[in-house]
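> Sequence and predicted structure, then a few things I'm wondering about:
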Amino acid sequence: MKCFILALLLGVAALPCAAQLSDVQNPNEQTRSDENNQKAPPSVAAAQQVLQEITSGQFDKVEAQYNAKMATANAPGRLAQAWASLVKLVGPFQSLTMVRAGKVQNLSVVLFTCKFEKSLVDLEVVYDTDSKLAGLHFGPHQEPQPTWSAPSYAQPSSFSEQPLNLVNGKFELPGTLTMPNGNGPFAAVVLLQDSGPHDEDETIGPNKPLKDLAWGLASHGIAVYRYTKRTAKYGAKSNADPAKLTVDDEVMSDAKAAVALVAKQPKIDSSRVYVLGVGLGGYVAPRIASGDAQIAGIVMMAANTRPLEKVLLGAVQYIAKEDAAETAAAAADKPSLTPQQPADAAPKPAPQPSADDEKAVALAEDSEKQIENPALKAGDNVQVLGGTMDASYWLDMRGYNPVQTAERLRMPILILQGARDFQVTADGDFSVWQSAFAHRRNVALKLYPDLNHLFMFGTGPSMPVEYTKPEHVDEQVIADVAAWISAGGKQSALEPR
């Protein structure tokens, strides 16, 4: 927030990563050769036409290209309103300065850098597999981000990777098995992503936390399997009936199939196959492990104990508060022309969030009310972050208590938390895990003071902008998970902080 964001629903849970796009010569340039024209993806010309229609006020032509989800979530006229707000903020559109394009998950993405009177703005145009508009997003210009590089603790010479697709019914998902060198048999871990349609590495900006985990754990002699999330490849078609998509479709069914697949692989010790989930993956890990004798233990990283809608609201409220505090601090640093207040003057009022932040909080509060409404039923639409979801997804998790579910498990459990995480928090979530399991001998818990939601190092209050800076999952986290698995889930394997 802090900076303007005018977005229309993408039809997916998160914006594609611009770092995965390639430069394309500006279609407006007269020097552009026929050869380059042939190399540019067809989506570039289509997106160029969309930009022309927007800048000339032909909003109805753009809206006619929406896919079903976009059309449902965005009433006619909303694009015109968003454009008017943008022009009011940054002045008239002047020119197109840069084009990037590529495939991200199952989407075709074109990113335009546009020059307006007062600033540069990025326009992201997203097409689905049917060449329909699946998303439009205007935001502050960001320079291309650096690509992922191996963390220093990874030893690529000590392991190899091989493709291994996961087939679960009619769904086939690309995946990678990372195997330590040697004859084994090796303990193995199946990695589960956080919420959103992630690739197998859970790519977020320049960061790939699941690839960090895979390479780090394999360097410690543990096999790791990670795969593309079903919603990343199939989107709304992740269920035969898109209106009935549940968390089971998104995560749990494929996770169980992945465990069974890994257990059958050569050099894998089928009695030592673990599940490691981050965020949403950690939240549902106890439910995945219930009744699955093949799973030797679970690792929950940044696993919330609160319902998802409360986690979302808490995160939005936190960002609004930090934005307001930052704005107030910046204002206080500016020279003042007014006399200083006397020492006994009344204290200044608390910083107030911006209009954009207040709107985001109001939307999250409304989402929470809709999701928790006792009258909610399958087929109802729920507004989440400006998008629309069928109630089936939320009803699937209604009544699910991860703590109580985990308490019924007899297998070893490892629960890890970053103290700087503003989404899943030490006070609101980890403390609940501690209260429930502090005296369970087969449950180990650890809090890392300087790590955020991605288990990456930082200082001061954590904010989403951190996720755009190149970092790696902390080496101590890798060492702790590896030691715990190698010791068969014993508490004593973790190094004290």
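Yes, it's here.
> Strands of the stretch 301-450 of the chain, start to end?
381-384, 387-390, 413-418, 443-448 (DSSP state E, counting those that start in this stretch).
> Mind telling me what element the spatially most central residue of the chain is part of?
Of all residues in the chain, the one closest to the mean position by C-alpha atoms, centre = their mean is Gly196, 5.2 Å from it. Here Gly196, judged by DSSP states H and E, is contained in no helix and no strand.
> Tell me where the stretch 351-497 of the chain is predicted with low confidence.
Residue ranges of the stretch 351-497 of the chain with pLDDT under 70: 386, 495-497.
> Tell me what Val121 is bridged to.
Cys114, Pro140 (DSSP bridges).
> who's in contact with it?
Taking C-beta atoms under 8 Å, 6 or more residues apart in numbering as the criterion, Val121 is in contact with 86, 90, 113-114, 138-141. For the C-beta atoms, the positions are set from N, CA and C on the backbone; glycine is no exception.
> In PyMOL, select just the buried ones from these.
To isolate the buried members of the contacts of Val121 in PyMOL, using 16 or more other C-beta atoms under 10 Å:
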select buried, resi 86+90+113+114+138+139+141
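> out of the contacts of Val121, which one sits closest to Met300?
Closest approach between the contacts of Val121 and Met300, by C-beta to C-beta: Gly139, at 32.7 Å.
> gap between that closest one and Leu376?
Using C-beta to C-beta, to the nearest Å, one obtains 32 Å as the distance from Gly139 to Leu376.
> just Pro146 next, same as before
44 Å.
> what's the farthest-apart pair in the contacts of Val121?
For the contacts of Val121, and using C-beta to C-beta, no pair is farther apart than Leu86 and Thr113, which are 14.4 Å apart.
> can you map out the strands along the stretch 1-150 of the chain?
So, for the stretch 1-150 of the chain - with DSSP E, counting those that start in this stretch - the strands run 6-7, 22-24, 93-104, 107-116, 120-127, 133-140.
> Please report how far Ile371 lies from Pro307.
Counting by C-beta to C-beta - Ile371 and Pro307 are separated by 8 Å.
> returning to what we had before: mean pLDDT for the strands of the stretch 1-150 of the chain: which is lowest?
The weakest mean pLDDT among these belongs to strand 6-7, with a mean of 38.
> what sits against the nearest residue to Arg230 once chain neighbours are set aside?
Nearest residue to Arg230, sequence neighbours excluded (C-beta to C-beta, 6 or more residues apart in numbering): Ser238, at 4.7 Å. Ser238 is in contact with 171, 230-231, 245, 249-250, counting by C-beta under 8 Å, 6+ apart.
> how about a cut-off of 7 Å?
230-231, 245, 249-250 (C-beta atoms under 7 Å, 6 or more residues apart in numbering).
> Select from those residues every entry located in strands.
Assigned to strands by DSSP state E, none of the contacts of Ser238 qualify.
> Who has more neighbours out of Ile371 and Pro307?
Ile371 (23 against 20; other C-beta atoms under 10 Å).
> Quick check: the gap between that one and Tyr283.
Between Ile371 and Tyr283 the computed distance is 15 Å (C-beta to C-beta).
> Also Met389?
17 Å.
> More neighbours: the two, which one.
Using other C-beta under 10 Å, the more surrounded residue of Met389 and Tyr283 is Tyr283, with 29 against 21.
> Phi and psi next, for that one.
phi -60, psi -40 (degrees, to the nearest 10).
> does it really touch Pro402, like I thought?
Yes - at 5.6 Å, Tyr283 counts as touching Pro402 under the criterion of C-beta atoms under 7 Å.
> so what sits against both of these two?
Common neighbours of Tyr283 and Pro402, using C-beta under 7 Å, 6+ apart, are Ala303.
> Give me the spatial nearest neighbour of Phe186, chain neighbours excluded.
Using C-beta to C-beta, 6+ apart, the nearest residue to Phe186 is Ala223, at 4.4 Å.
> buried ones in stretch 353-362?
Result for stretch 353-362 [16+ other C-beta under 10 Å]: buried residues 353-354, 356-357, 360-361.
> As TSV, the contacts of Val121 with distance to Glu161 would be great.
Converted to TSV, the contacts of Val121 look like this (distance: C-beta to C-beta, whole Å):
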residue	distance to Glu161
Leu86	44
Val90	45
Thr113	35
Cys114	39
Phe138	38
Gly139	34
Pro140	36
His141	35
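> Pick out whichever of the contacts of Val121 sits closest to Gln49.
Cys114 (14.8 Å).
> The closest one contacts Pro92, doesn't it?
No - in this structure, Cys114 is not within contact of Pro92 by C-beta under 7 Å, at 10.9 Å.
> shared neighbours, those two?
Common neighbours of Cys114 and Pro92 (C-beta under 7 Å, 6+ apart) do not exist.
> how deep is Ser462 tucked in, by neighbour count?
By other C-beta under 10 Å, neighbour count at Ser462 equals 22.
> quick one: low-confidence ranges for the stretch 201-350 of the chain?
Ranges of the stretch 201-350 of the chain meeting pLDDT under 70: 333-349.
> can you pull out the helices in it?
For the stretch 201-350 of the chain, applying DSSP state H, counting those that start in this stretch gives helices covering 209-218, 230-234, 247, 253-263, 280-283, 285-289, 308-333.
> so what does the fourth one touch, helix or strand wise?
With contacts taken as 3 or more C-beta pairs under 7 Å, 6 or more residues apart in numbering; DSSP states H and E, helix 253-263 sits against strand 166-168, strand 186-192, strand 223-227, strand 268-278.
> Looking at the buried residues of stretch 353-362, spot the one nearest Gln48.
Asp356 (28.9 Å).
> So Lys377 sits against Ser392, correct?
No - counting by C-beta under 7 Å, Lys377 sits too far from Ser392 to count as a contact (9.2 Å).
> Neighbour count for the two, which is higher?
Set Lys377 next to Ser392 and count neighbours by other C-beta under 10 Å: Ser392 wins out with 22 against 10.
> related to what we said a few turns ago, how near is the residue nearest to Phe186 to Ile413?
Ala223 sits 20 Å away from Ile413 when distances are taken as C-beta to C-beta.
> same deal with Ala255?
16 Å.
> Next: Pro461.
In this view, Pro461 and Ile413 are 30 Å apart by C-beta to C-beta.
> Give me the more crowded residue out of those two.
A side-by-side neighbour count of Pro461 and Ile413, using other C-beta under 10 Å, places Ile413 first with 24 against 14.
> quick one: the closest residue to Pro470 other than its chain neighbours from Thr147, how far?
Distances taken as C-beta to C-beta, 6+ apart place Pro206 nearest to Pro470, at 4.5 Å, with adjacent residues excluded. Distance, Pro206 to Thr147, using C-beta to C-beta: 6 Å.
> Comparing those two, which shows the higher neighbour count?
Set Pro206 next to Thr147 and count neighbours by other C-beta under 10 Å: Pro206 wins out with 18 against 10.
> Assess the claim that the more buried one and Tyr467 are in contact.
No - assessed by C-beta under 7 Å, Pro206 is found out of contact with Tyr467, at 9.1 Å.
> isn't Ala263 right up against Asp292?
No - using C-beta under 7 Å, Ala263 is not in contact with Asp292, being 10.6 Å away.
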